[in-house]
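> 3D model of this:
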Amino acid sequence: MTEESVVSKVEELMETLDDIKRYNALAHSLKRFAIIIVGSITVFAILTGVFEFFDLRLVLDRPMFLSIAFLSLLIPVTGIVAGVLFVRRRINSVRTGEWRKELLHGFPSALKILVELDWGKTFDEISMGKLSYGLYVLVKTAAYWIVSVFALSLIGNAAIFLILQRADFFGELPWGGLALLIVLLLLGNDLWKRYSDILALDMLLMELRWFSFEFRRTEFKT
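Numbering: from 1, shown residues only. Alright, predicted model coming up:
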């Protein structure tokens, strides 16, 4: 392994570890993100239950009931937006790239970085980052799907209410499959990218374990 290739490998490694720092910042934000999402959806579900329990669609006139229903839908939508913005703010606050100036000195600095690197801690951080990243994707996708179910249910039942003059609404279940299809169409590329990122982290773990093994061998011993 040449000195140039070592410097290049170390640069790739440190860039990836910067990404892992962001993922771990996500891990620290995941609990609050889930609370925001679940809380907003719970409030909306309670309001929906109140509407159903008191049968407000029969008590209120159509424009008033539909206005209240659509306004209540803004609660989970606002929750998702607030949760995503909160996570992004935490991720963007992570300081990265502090190693770049040192790496400008070439092979000696790259070697120093490798010597000082805690490999065991690095492996643990990558594993934790991968898990946090996956959980964030699942919670975010589930939130989109749940809100889509309620939105489609509200819009579909509103159309039935206004056009067919029927008071007996369909439940949320018939809209679940359609909502899932819409979410997959809207988030398909993003989900595939995140899935590829998780696979890339798996590959990175294997490469790093090999690289750490090679580094500990006689090639860098003096």
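> what stretches of the chain score poorly on pLDDT?
1-2, 53-63, 65-66, 157-158, 160-173, 214-222 (pLDDT under 70).
> Run through the helices of it in chain order.
Counting by DSSP state H, the chain has helices at residues 3-54, 56-59, 62-92, 100-103, 107-116, 119-159, 173-215.
> can I get those helices in TSV with mean neighbour count?
For every residue, glycine as well, the C-beta is placed using N, CA and C. TSV is the format used below for the helices of the chain (neighbours: other C-beta atoms under 10 Å):
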stretch	mean neighbour count
helix 3-54	16
helix 56-59	13
helix 62-92	15
helix 100-103	13
helix 107-116	15
helix 119-159	17
helix 173-215	14
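> check contacts around the residue nearest to A82 when sequence neighbours are not counted.
The shortest distance from A82 to any non-neighbouring residue, by C-beta to C-beta, 6 or more residues apart in numbering, is to I36 (5.8 Å). By C-beta atoms under 8 Å, 6 or more residues apart in numbering, I36 lies in contact with 79, 82-83, 86.
> For N92, see how far away I36 is.
18 Å (C-beta to C-beta, to the nearest Å).
> E4 too?
E4 is 33 Å from N92, by C-beta to C-beta.
> Give me the contacts around stretch 90-97.
18, 21-22, 25-26, 28-29.
> One more: stretch 176-186?
Here stretch 176-186 has contacts from 141, 144-145, 148-149, 151-152, 191, using C-beta under 8 Å, 6+ apart.
> and if you look at stretch 18-33?
By C-beta under 8 Å, 6+ apart, stretch 18-33 touches 83-84, 86-87, 90-91, 93-94, 96-97, 125-126, 128-133, 135-136, 139.
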